[in-house]
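Peer 1: Need a 3D model of the sequence below.
(2 chains)
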Amino acid sequence: MDQPTSPQYTASELMCVNAARLLRDGDVVFVGVGLPNLACNLARRTHAPNLQMIYEAGVIGARPSKLPLSIGDPTLVTGASSVCGMYDIFTLYLQRGNVDVGFLGGAQIDRFGNINATVIGDYHKPKVRLPGSGGSQEMGGWANRNYIITPHQKRRFPEKVDYITSAGFLGGRKQREATGVRGGGPLVVVTNLGLLEPDENGELMLTALHPGCTVEQVKDNTGWDIKIADTLKETLQLESSELTLLREELDPEGIYLKGS
Amino acid sequence: MSKLCTLKEAISNYVHDGDTVYCAGFTHLIPFAAGHEIIRQGRRNLTLARATPDLIYDQMVAAGCAKKLIFSYIGNPGVGSLRIVREQLESGQLEWEEYSHFGMIARLQAGASGLPFASMNQTAAPDLEKNNPNYRRVKDPYTGREVVTLPPLTPDVGIIHVQRADAKGNAHIWGIIGEQKEVAFASKNVIITAEEIVDEDVIRSDPNRTLIPELIVKAVCLVPHCSHPSYTQGYSDRDNAFYLNWDKISEDPAAVKAWLNEWVYNLTDAEEYWQKLGAETHQRLAVKPKFAAPVNYGDY
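Peer 2: Take a look at the predicted model:
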């Protein structure tokens, strides 16, 4: 991480808690491993006890008793409410419109919230070949709301991504709407500096800073001249109860929360 | 009719140079032992299809079995990059065809169902469609809206690891069932590897759990621990330490070669591989049982 963080918590803890707070009780969430998984479990243990966690491997209503180390970890299955095949997860659940929230991440996120998780450079002659879509192309299109968690670094926030793996607002909100795709697109990008939200045209705008972070840090670490909301908010301090849950119960070995 | 044979015989009979092979399993039940047997038998020019190539295809690509990869996510799950595959894609040594997970499973579903193509709603993300000519669009004859289509995927060989099967190939699977059923029905030849071969009565005691029926199965092989370093629900845990270790091994071509020699070429079969892992690993990967409530089918 380029930026200094508060000595009381890591950047990952900061992003995780802020992502958890975006979830609403009763949401059906398409979960990935790492920070999204921690954020969902934190939300379920605090303000959103009725959160329904769905994993792309085909697990519905997972209640992992320990930290899952991959998207298909056996701890997701034991005690889950249902398990189905991948075709069912992507059709009956996601395509049909039964998923409220999808968490996305990627190597690059651009001005209009488009995400690149596929390639840096030319697609057919890749400079850096990244993992690719997995479930994220459909999640970006079909979940009602998408949240993106990513550290705030200039190379991660170019004006335009090299390749669109999951659609944000394409070249502007009207372009996404014109495709007729069902999901609403990205709603919030959580970084270690603050929150970005799309304006009426779908352009990401800084709407909140985390305590101690500055507009200059955000501008210095964004690859375009980012708009700042007229009424810039400050996110609430992390509660010690949130940090205790994360550190002592959800990720006691600090696999995803340590570092950065 | 019993279809029992050794894994060696099954690979020898059903996997040929130039075939399209799908080793099934989304994180769970990945038939590593079958991949290793294909490496040992020196198959070449394979098209390897898997949603997540995982370490099994990283190893097969490293051993020179593959000319092409069909995939939807190339990572070392939970760890990071799939180094060998990634390097061969970047250097242009390996041909590839890419999909999203849904595109991949939709192609299998079409293949498994005997349909001319898979249809799906569009996602607004333009670039996969732009770069893979297999993605097409047709007009929905009912609403006039555009629908995205993909051709069916029908592998020459599907290899599926299961918890238990009878000698004819009726197979019970539980836990994450990913794309196993679709791969089985889409493939021209199906090889089942099983933790346990059970009496037909065991299968018939719980028919709802039979994901794969005998009528599409060519070979049934008893291969306990076939899925290591992935896992088999209820039988063994994922060897996460090995997934982390592979990240280091795969950084260095000499280390990869040494690993393949030590763990694949110099061993005869999966049983030797499992014994070589040793008691400490066996103990580390053992799982405490947790049984489901019994189901009453009724004595009709």
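Peer 1: hey, let's count contacts and neighbours off CA atoms from now on
Peer 2: Will do.
Peer 1: which residue packs closest to residue 88, ignoring adjacent ones?
Peer 2: Looking at chain A here, since you left the chain open. Closest residue to A:Asp88 apart from its sequence neighbours, by Cα to Cα, 6 or more residues apart in numbering or on different chains: A:Gly58 at 7.6 Å.
Peer 1: looking at chain B here, not the other one
Peer 2: If the residues on either side of it in the chain are set aside, B:Gln88 comes closest to B:Leu94, at 5.4 Å by Cα to Cα, 6+ apart.
Peer 1: try B:Arg44
Peer 2: The shortest distance from B:Arg44 to any non-neighbouring residue, by Cα to Cα, 6+ apart, is to B:Cys65 (4.4 Å).
Peer 1: so what's the one you found up against?
Peer 2: B:Cys65 makes contact with B:Ile38, B:Ile39, B:Gly42, B:Arg43, B:Arg44, B:Asn45, B:Leu46, according to Cα atoms under 8 Å, 6 or more residues apart in numbering or on different chains.
Peer 1: since we're on the last one, how many residues are nearby?
Peer 2: To tie it back to what came earlier, the one meant is B:Leu46. Around B:Leu46 there are 21 other residues, counting by other Cα atoms under 10 Å in any protein chain shown.
Peer 1: And the fourth one, by the same measure?
Peer 2: Residue crowding around B:Arg43 was assessed by other Cα under 10 Å; the count is 21.
Peer 1: just for the stretch 1-150 of chain A, where's the confidence low?
Peer 2: Filtered on pLDDT under 70, the stretch 1-150 of chain A yields the residue ranges A:1-7.
Peer 1: interface residues of it facing chain B?
Peer 2: Within reach of chain B by Cα under 8 Å from any Cα of the partner chain, the stretch 1-150 of chain A has these residues: A:33, A:57-59, A:69-74, A:77, A:83-87, A:90, A:95, A:123, A:125-138, A:140-142.
Peer 1: Just give me the longest helix of chain B.
Peer 2: Counting by DSSP state H, the longest helix found in chain B is helix B:270-285.
Peer 1: centre of the chain versus the least confident helix or strand in chain B by mean pLDDT, how much separation?
Peer 2: Least confident helix or strand of chain B, by mean pLDDT, DSSP states H and E, is strand B:80-81 with a mean of 87. Distance of strand B:80-81 from its chain centroid, counting by Cα atoms, centre = their mean, to the nearest Å, is 19 Å.
Peer 1: do the same with stretch A:126-144
Peer 2: 13 Å.
Peer 1: Distance across that stretch, terminal residue to terminal residue?
Peer 2: 32 Å (Cα to Cα, to the nearest Å).
Peer 1: Tell me the buried residues in that stretch?
Peer 2: A:126, A:128-144 (16 or more other Cα atoms under 10 Å in any protein chain shown).
Peer 1: Check the spacing between the residue of the stretch 151-300 of chain B found nearest chain A and A:Leu204 real quick.
Peer 2: Closest approach between the stretch 151-300 of chain B and chain A, counting by Cα to the nearest Cα: B:Gly178, at 4.7 Å. Going from B:Gly178 to A:Leu204 by Cα to Cα gives 36 Å.
Peer 1: ok, B:Met60 - how many residues close by?
Peer 2: 26.
Peer 1: and the closest residue in space to it that isn't next to it in sequence, what does it touch?
Peer 2: Nearest non-adjacent residue to B:Met60, counting by Cα to Cα, 6+ apart: B:Ile39, 6.3 Å away. B:Ile39 is in contact with B:Met60, B:Ala63, B:Cys65, B:Val264, B:Tyr265, counting by Cα under 8 Å, 6+ apart.
Peer 1: repeat for A:Leu257
Peer 2: A:Thr10, A:Ser12, A:Glu13, A:Leu35, A:Arg247, A:Asp251.
Peer 1: likewise B:Ala49?
Peer 2: Counted by Cα under 8 Å, 6+ apart, B:Ala49 has contacts B:Thr20, B:Val21, B:Tyr22, B:Cys23, B:Leu69, B:Ile70, B:Phe71.
Peer 1: What about the nearest residue to it once chain neighbours are set aside, how many residues nearby?
Peer 2: Distances taken as Cα to Cα, 6+ apart place B:Ile70 nearest to B:Ala49, at 4.5 Å, with adjacent residues excluded. When neighbours are defined as other Cα under 10 Å, B:Ile70 has 21 of them.
Peer 1: and the helix or strand that contains B:Ile70, which strands flank it?
Peer 2: According to DSSP states H and E, B:Ile70 maps onto strand B:66-71. Here strand B:66-71 is paired, per DSSP bridges, with strand B:46-49 (parallel), strand B:95-98 (parallel).
Peer 1: tell me the average confidence for it?
Peer 2: The average pLDDT within strand B:66-71 is 98.
Peer 1: Which secondary structure elements does the very next helix or strand once past that strand sit against?
Peer 2: Moving toward the C-terminus from strand B:66-71, the first helix or strand encountered (DSSP H and E) is strand B:75-76. Judged by 3 or more Cα pairs under 8 Å, 6 or more residues apart in numbering or on different chains; DSSP states H and E, the packing partners of strand B:75-76 are helix B:54-62.
Peer 1: gap between the helix it packs on and the chain center?
Peer 2: Using Cα atoms, centre = their mean, the offset of helix B:54-62 from its chain centre is 12 Å.
Peer 1: Now do it: which elements does it pack against?
Peer 2: The helices and strands touching helix B:54-62, judged by 3+ Cα pairs under 8 Å, 6+ apart, are helix B:32-40, strand B:75-76, helix B:83-90.
Peer 1: gap between the residue of the stretch 151-300 of chain B closest to chain A and A:Arg21?
Peer 2: 31 Å.
Peer 1: A:Asp27 now?
Peer 2: From A:Asp27 over to A:Arg21 the distance is 12 Å, taken as Cα to Cα.
Peer 1: From B:Ile74, how far off is B:Gln122?
Peer 2: Taking Cα to Cα, one finds B:Gln122 at 23 Å from B:Ile74.
Peer 1: Those two: who's more crowded?
Peer 2: Between B:Gln122 and B:Ile74, B:Ile74 has the larger neighbour count (other Cα under 10 Å), namely 28 against 22.
Peer 1: and that one, what are its phi and psi?
Peer 2: phi -110, psi 90 (degrees, to the nearest 10).
Peer 1: buried set for stretch B:1-19?
Peer 2: The neighbour-count check on stretch B:1-19 (16+ other Cα under 10 Å) flags B:Lys3, B:Leu4, B:Thr6, B:Leu7, B:Lys8, B:Ala10, B:Ile11, B:Tyr14, B:Val15, B:His16, B:Gly18, B:Asp19 as buried.
Peer 1: From one end of that stretch to the other, what's the distance?
Peer 2: Taking Cα to Cα, stretch B:1-19 runs 26 Å from one end to the other.
Peer 1: what residues does the stretch 101-250 of chain B put near chain A?
Peer 2: B:101-102, B:105-106, B:109, B:121-128, B:131, B:175-179, B:231, B:233, B:237-238, B:240.
Peer 1: in chain A, which residue is closest to the centre?
Peer 2: Nearest residue to the geometric centre of chain A (Cα atoms, centre = their mean): A:Ile148, 2.8 Å.
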